[in-house]
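Enquirer: Build the 3D model from these lines:
(chains A and B)
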Amino acid sequence: MAGWVHAKRDLGGKKFLLLRDRDGIVQVVISKDQRELCELFYELTLESAVSVVGKVRADARAPGGFEVVPTRIVVLNLARAPLPLDVSGKVPADVDTRFRERVLDLRREETKAMFKVLSVALRAMREELYSAGFVEVFTPKIVATATEGGATLFPVAYFGREAYLAQSPQLYKELLAGAFERVFEIAPAWRAEESDTPYHLAEFISVDVEMAFANYEDAMRILERVVARAAREVREVAPRELRVLGYEPPEIRLPVRRITYADAARVLAESGERVDPGEDLSTPHLRRLSELVGEEVYFIVDWPDKTRPFYTMPKDDGVFSESFDFVWGHLEIASGSTRVHRKDLLVKRLKERGLNPENFEFFLKWFDYGMPPHAGWGMGLARLGLMLTGAKNVRELVAFPRDKKRLVP
RNA sequence: GCCGCGGUAGUAUAGCCCGGCCUAGUAUGCGGGCCUGUCGAGCCCGUGACCCGGGUUCAAAUCCCGGCCGCGGCGCCA
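Expert: Take a look at the predicted model:
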C-alpha cells in the first residue's frame, strides 16, 4: 500500500508509523531488530509519500484492531520539514494560510470531508435530474455579449476580437431547452465583481436547469427535490464526513415554504425594518427575515419585476414577476423564474433596461421558431455546499478559489 | 469602495488596554535525551518570532501617524 506519513511515534522497542491514504489511517509497526527499517523510520518526515510492503495482522492493541508489519518501505518522495501547515489537525491555521498552502490543506481530514460531501451532493443532484428526464449539456464559456447589462465581465482576446468569459449559461441554456425540453449544466461561470464576501467568487460552479413547457412553479418543484435529495444523500452516504465536520445538514421537507416578496416586505416592515417597496432585499434584511420566518430553507417568490433581469416573465399586474429565490438562512442559494418566450416582449424589456436588442440577435432569432414557454434556475454550488457542510466561506469548498485577491495557487 | 478588527518563531496563539518586571510565555513542528505497545503517547533539554517606515519617550511588541497585507460587516452583484 501507499500513502503519506501522517505521524510517527518512537517507543524504542517499537516504532509506529501512521500511514494515511484515501481510505484512512493505518498503523505500521517496526520492531527494534528491523535495523534497516529503523534507519528509514528516523529519516522519514511528516507528509512524505511512501509505499509499504508487509503483512496485515490482527492485534487488539492496534487502533482499529489491525496493523501492518512491514518487510519493505520505499520512500517515494521525502517531504521537507517543517511543514508550512499542520495536516494532522493538532494546530489550526488561518484561512489565508490554508489557501496559500492549499495542497497540504486539502490533505486535512476536515477539508477532505467537505469535498467528499460536495461530491456526494453533485452525484445526487445529477441522479435526480436524470431521473426527471433532464439532459446534461454544456454551453459556450467564451461569449460575445453580457447576458444582461451591469455585471462586470472578464475580457478575453479572441482572434483579434473582444470576447468575454461567460457570466452565466442563461441564454444558451434557454436555447437548448428549446430543443431538448429539459437540460441542466454544471459548469463554471465568471464575474469580475467588486463583491468581497464569504459567499462570492470571481469563478464559481453554477448548477443550471432549464425546462420547456413549464413555469416557475414547475422549476421550484424540481429545485426543492434536487436540494432535498442532495441533503438526504449526504446524510446517508457521508455520515463519517459529517461527523468529522461536526455538522448536520438541514432536513428538507417538501414542499418548501413559499413566501411572497410582498409578504416578506410586510413582515419586515412590521418588525421595524425599513424596506423600500419594490427594491431588492439587503443582506441584513434577509438575516432578519430568516428569524421571522422560522424556516431553515424557504422560497421568496414574486419579486418586483424591476429587480429581475430582462428574460424574467412579469406578472399581469406589471409590478411583480414570476420569480423566486431559494434561501437558506440569510443566503440566496438559487434563483429562477418563468422566462419570457415572446420575442416582442423580450425586445421591449431589453430596451427598457438600456440594452441593444441587436446584440442579442443570436438569442432572439430563435424565438421566431416555436420557442416554448419555459422556466429554470441557477444555483451556486459552493453556496449549497455551505448548507451541506457547515463551512463558513465558499472558498473552503473550492479547491483553488479565485477571488479579487487570489489568482495563485 | 466604506466601516470595524487584526498582523508576535514553520504553524497557531499569550503578552498590547495600563510602556520598564519580555533575556517575549504556551502548544505544535524541528534537533537531542529518557521511557518503551503507542493511539493527539508521555517526560526532560534545546531551537526558532514582535509586518514595513516614521514619530513620541530615558525606555516601544505595547502609545501615535503613514503604508502594505489579512479577516469580518456592508456596499456592489441574477
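
Enquirer: For the rest of this, base every contact and every neighbour count on C-alpha atoms.
Expert: Will do.

Enquirer: quick check: domain ranges of chain A?
Expert: A:2-82, A:106-397 (automatic domain parsing).

Enquirer: Could you tell me the end-to-end distance of the shortest one?
Expert: Yep, that's domain A:2-82 we're talking about. 22 Å (C-alpha to C-alpha, to the nearest Å).

Enquirer: one step back: any chance of the domains of chain A in JSON lines, plus mean neighbour count and distance to RNA strand B?
Expert: Below are the domains of chain A laid out as JSON lines (neighbours: other C-alpha atoms under 10 Å; distance: least, C-alpha to the nearest atom of the strand, whole Å):
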{"stretch": "domain A:2-82", "mean neighbour count": "16", "distance to RNA strand B": "2"}
{"stretch": "domain A:106-397", "mean neighbour count": "19", "distance to RNA strand B": "3"}
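
Enquirer: Please name whichever of the ones you listed is nearest to residue A:97.
Expert: domain A:106-397 (12.1 Å; C-alpha to C-alpha).

Enquirer: Any idea how far the closest one is from the middle of the chain?
Expert: Chain-centre distance of domain A:106-397: 12 Å, with C-alpha atoms, centre = their mean, to the nearest Å.

Enquirer: First-to-last residue distance for that domain?
Expert: Taking C-alpha to C-alpha, domain A:106-397 runs 10 Å from one end to the other.

Enquirer: Make JSON lines from the domains of chain A and add mean pLDDT to it.
Expert: Formatted as JSON lines, these follow (pLDDT from 0 to 100):
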{"stretch": "domain A:2-82", "mean pLDDT": "92"}
{"stretch": "domain A:106-397", "mean pLDDT": "93"}
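
Enquirer: Of all these, which one comes closest to residue A:94?
Expert: Proximity to residue A:94 (C-alpha to C-alpha) singles out domain A:106-397 among these, at 11.7 Å.

Enquirer: contacts for the longest strand along chain A?
Expert: Ordering each strand of chain A by length in residues (DSSP state E) puts strand A:66-77 first. For strand A:66-77, contacts defined as C-alpha atoms under 8 Å, 6 or more residues apart in numbering pick out A:26-30, A:37, A:40, A:44, A:48-60.

Enquirer: buried stuff in the next helix or strand after it?
Expert: The helix or strand immediately downstream of strand A:66-77 is helix A:95-100, counting by DSSP states H and E. Neighbour-count burial for helix A:95-100, with 16 or more other C-alpha atoms under 10 Å as criterion, is recorded at A:98, A:99, A:100.

Enquirer: Among those, name the ones that also lie close to RNA strand B.
Expert: By C-alpha under 7 Å from any atom of the strand, the members of the buried residues of helix A:95-100 lying near RNA strand B are residue A:98.

Enquirer: want to try a markdown table for the buried residues of helix A:95-100, with distance to residue A:161 and pLDDT as columns?
Expert: Converted to a markdown table, the buried residues of helix A:95-100 look like this (distance: C-alpha to C-alpha, whole Å; pLDDT from 0 to 100):
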| residue | distance to residue A:161 | pLDDT |
| --- | --- | --- |
| A:98 | 39 | 95 |
| A:99 | 35 | 95 |
| A:100 | 35 | 94 |
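
Enquirer: Please report phi then psi for residue A:17.
Expert: Backbone torsions for residue A:17, taken as degrees, to the nearest 10, come to phi -120, psi 120.

Enquirer: ok, now which ones touch it?
Expert: A:5, A:6, A:7, A:8, A:9, A:27, A:28, A:29, A:30, A:41.

Enquirer: Okay, and residue A:130 sits in which element?
Expert: Using DSSP H and E, residue A:130 maps to helix A:109-131.

Enquirer: ok, then the element right after that helix?
Expert: Downstream of helix A:109-131, the first helix or strand assigned by DSSP H and E is strand A:135-136.

Enquirer: Listing partners with orientation, what would you give for that following strand?
Expert: strand A:182-190 (parallel) (DSSP bridges).

Enquirer: ok, and what's touching the strand it pairs with?
Expert: A:129, A:133-139, A:141, A:153-154, A:165-169, A:173, A:176-177, A:202-212.

Enquirer: how big is the angle separating it from helix A:109-131?
Expert: Angle, strand A:182-190 to helix A:109-131, by axes from the mean of the first three to the mean of the last three C-alpha atoms, to 10 degrees: 150 degrees.

Enquirer: which one is residue A:115 nearest to, not counting chain neighbours?
Expert: residue A:397 (6.6 Å; C-alpha to C-alpha, 6 or more residues apart in numbering).

Enquirer: Identify the residues contacting that neighbour.
Expert: A:114, A:115, A:118, A:382, A:385, A:386, A:391.

Enquirer: That one and residue A:201, how far apart?
Expert: In terms of C-alpha to C-alpha, residue A:397 sits 11 Å off from residue A:201.

Enquirer: again with residue A:322
Expert: Taken as C-alpha to C-alpha, the span from residue A:322 to residue A:201 is 27 Å.

Enquirer: And residue A:193, by the same measure?
Expert: Relative to residue A:201, and taking C-alpha to C-alpha, residue A:193 is found at 9 Å.
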